[in-house]
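Enquirer: What would the 3D arrangement of this be:
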Amino acid sequence: LSRSDPLTGLPNRRHFDEAKETEFRRAQRIGQPLSLLLCDVDFFKRYNDRYGHAGGDECLRHLAQALKATFGRAGELAARVGGEEFAVLLPGADAAAAHAAAQRLRLAVADLAIPHADSDAEAHVTVSIGMAQFEPASMDQFDTLFHRADQALYLAKRRGRNRVVSATAVATS
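Expert: Below you'll find the predicted structure:
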C-alpha cells in the first residue's frame, strides 16, 4: 500500500520517486535514453464540480486503466503523482518514441468517451501531456528533466489542451 495509489491501483508518488532515481542513474551511467511524460486531466476541477467527487474518482480509475493498457512494457512506469496528475517514465525511449507513446495515451483517453460537459477542449475528458527527454550534457539531476516536462505540460495547456507538447517546443515559444 505504501507504493500503490489506493484509488487507481497505479504506483504512487513514493514508488515513482524511487524508480525515477534508479532510471536516471542508469541513463547517466550507460547512456540509455530516458523520457518523461507528465499528464494532466483537462478541466478536472470543472469535472468534479459537475459530476461530483465520486464521478471524478471514477474518471481517474478509467484514466488509470488507459495508462496501464498503454504502458505495460518492461521498465515503463505510469504513476499517479498528484490529484489528477500522472507521470510516465520511459526508459530506453528516445524523443520520437516518447512522443508516439504520448499520442497513443491521448487517443486512448479520448476513446474512453467520458462525457465532460464543462470542458473547453472537447465534449469528453481529455488530457494534456508534456514530454521531455534526458539530455546528459545539461541534466545532472532528475528534477531538471521533471521541470522541463512540467513546462511542456503547461505549454500544452496554454495552446488549448488535449495535446502533446515536447520540452523542445518550450524553448521556441
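Enquirer: what's around residue 72, how many residues?
Expert: 9 (other C-beta atoms under 10 Å). Using the backbone N, CA and C atoms, a C-beta is placed for each residue, glycine as well.
Enquirer: Quick check on it: phi, psi?
Expert: When read as degrees, to the nearest 10, the backbone of residue 72 gives phi -120, psi 0.
Enquirer: now the strands for this protein?
Expert: 34-41, 77-80, 85-91, 127-133, 164-166 (DSSP state E).
Enquirer: Would you report the backbone torsion angles of the closest residue to residue 94 other than its chain neighbours?
Expert: Counting by C-beta to C-beta, 6 or more residues apart in numbering, residue 33 is the residue found nearest to residue 94 once chain neighbours are left out, at 4.5 Å. Dihedral pair for residue 33: phi -60, psi 150, per degrees, to the nearest 10.
Enquirer: coming back round to it: now tabulate the strands of the chain in CSV and tack on mean neighbour count and distance to residue 16.
Expert: Shown next, in CSV, are the strands of the chain (neighbours: other C-beta atoms under 10 Å; distance: least, C-beta to C-beta, whole Å):
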stretch, mean neighbour count, distance to residue 16
strand 34-41, 26, 10
strand 77-80, 24, 4
strand 85-91, 23, 6
strand 127-133, 27, 15
strand 164-166, 24, 20
